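> No letters, just coordinates:
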């Protein structure tokens, strides 16, 4: 058996052809593929607008900038996420507060968020960055109600959950990133994600003003649109080369060939997601009567990760590596990372997240995982517990 990673990309001949066609074209950047990708992705998640950027971290940073996060901004997020979910607030000088997770779903616990809000005067906090961890969609309808009660904006970190959804109070499926509840949502196209473009990210929103601001911030804060120029008519009338830098922006653009790859990968997004759900169901059935603790699926799970909890996690991790299975840990709680500890965060701040971290392990989950490979993973874990093979 070859080495089986916890996640990996899947590249087809159609993907390769799409990229080669761009390499043979007139544009490698700022061409027609980027708006095509944005339009197709917005349609996929059900949002009005989408802005393609260089990676998921850039997407988070631009969201924080667009929402005018600054040194007086205080934002709540989860400790169980990649550091970028919190770092984007720090990039802008804001303060990050961590609320604990629900022990069953591993998602940001809305009751813990409410407790944190109630422990401070109204207006103390400005925003929430909830995360659709592992592909499990948060109930953003409930978070939106809480946000409106306290005057907060929401950035939905949906990097793990393109195609995922939750069911709202009227029984409707609400896709992650559709803009109906969050002010902004972000996605990542890192190779282990559902849609892979090497690096890359996307921001979705239904807010036209935020969309326009994101477009400006993505490209150095520069516009060439005459209808948006701020300088005097005399200055503007110099010639067709004229442009204005109106904000302190960044170069967070995606390339044309990455966008073309994204368009091609989107063609298979639904079938790949269905494959992930089949893999997850098979894991569920295999581990039903074992010491392995499985994730709770509240419906609409996109299964970026399949996380299990086990006793003596390090021993299991090493055992799997000995059998050529490369699992991973998602994540070291952000408040326990040295950078955040030196800001005043400490062990004991989020006990549920810390207990989860001591036991969590992400086992192979990607849509190109074969039945044979999955059976090997399952049976290796069962043998660890001296149980019959699946």
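Alright, I've got the coordinates. Model, not experiment: these values are computed from the prediction.
> How many residues are close by residue 50?
Counted with other C-beta atoms under 10 Å, residues neighbouring residue 50 total 25. No exception for glycine: its C-beta is placed from N, CA and C like everyone else's.
> Just confirm it is within a strand.
Yes: checked against DSSP: H, G, I helix; E, B strand; the rest coil, residue 50 lies within a strand.
> which residues does it contact?
Residue 50 is in contact with 38-39, 41-42, 202-204, counting by C-beta atoms under 8 Å, 6 or more residues apart in numbering.
> Over to residue 181?
140-141, 143-144, 154, 156, 174.
> Farthest-apart pair in the residues you listed, please.
Based on C-beta to C-beta, the longest span within these runs between 154 and 174 and measures 13.2 Å.
> Find residues that contact each of these two.
Common neighbours of residue 154 and residue 174, using C-beta under 8 Å, 6+ apart, are 140, 181.
> about what we covered before: among the contacts of residue 181, which ones are buried?
Buried by 16 or more other C-beta atoms under 10 Å: 140-141, 143-144, 154, 156, 174, out of the contacts of residue 181.
> before we move on, the earlier item: wait, which of the contacts of residue 181 is closest to residue 350?
Residue 350 has its nearest neighbour among these in residue 143, at 18.0 Å by C-beta to C-beta.
> Quick check: the closest one is in a strand.
No: under three-state DSSP, residue 143 falls outside any strand and is assigned helix.
> Can you verify my assumption that it contacts residue 154?
Yes: under the criterion of C-beta atoms under 8 Å, residue 143 is in contact with residue 154, at a separation of 6.2 Å.
> The buried ones among the contacts of residue 181 into TSV, with extra columns for pLDDT and distance to residue 321?
Compiled in TSV, the buried ones among the contacts of residue 181 are given as follows (pLDDT from 0 to 100; distance: C-beta to C-beta, whole Å):
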residue	pLDDT	distance to residue 321
140	98	37
141	98	41
143	98	38
144	98	43
154	99	39
156	99	34
174	98	39
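> Now render those as JSON lines, adding distance to residue 335.
Formatted as JSON lines, the buried ones among the contacts of residue 181 follow (distance: C-beta to C-beta, whole Å):
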{"residue": "140", "distance to residue 335": "23"}
{"residue": "141", "distance to residue 335": "27"}
{"residue": "143", "distance to residue 335": "20"}
{"residue": "144", "distance to residue 335": "25"}
{"residue": "154", "distance to residue 335": "21"}
{"residue": "156", "distance to residue 335": "21"}
{"residue": "174", "distance to residue 335": "29"}
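> Of the residues you listed, which is the nearest to residue 275?
residue 174 (22.8 Å).
> That closest one: what's its closest spatial neighbour, skipping adjacent residues?
Residue nearest to residue 174 in three dimensions, not counting chain neighbours: residue 168, with 5.1 Å by C-beta to C-beta, 6 or more residues apart in numbering.
> Surely that neighbour and residue 141 touch.
Yes: under the criterion of C-beta under 8 Å, residue 168 makes contact with residue 141 at 4.8 Å.
> Quick check: neighbours shared by these two?
Taking C-beta under 8 Å, 6+ apart as the criterion, residue 168 and residue 141 both touch residue 174.
> follow-up on the earlier one: let me know how buried the residue nearest to residue 174 is, in neighbour terms.
When counting by other C-beta under 10 Å, one arrives at 15 neighbours for residue 168.
> How about the one 5 residues further on?
Residue 173 sits with 14 neighbouring residues when counted by other C-beta under 10 Å.
> so what's it bridging to?
Counting by DSSP bridges, residue 173 is bridged to residue 167.
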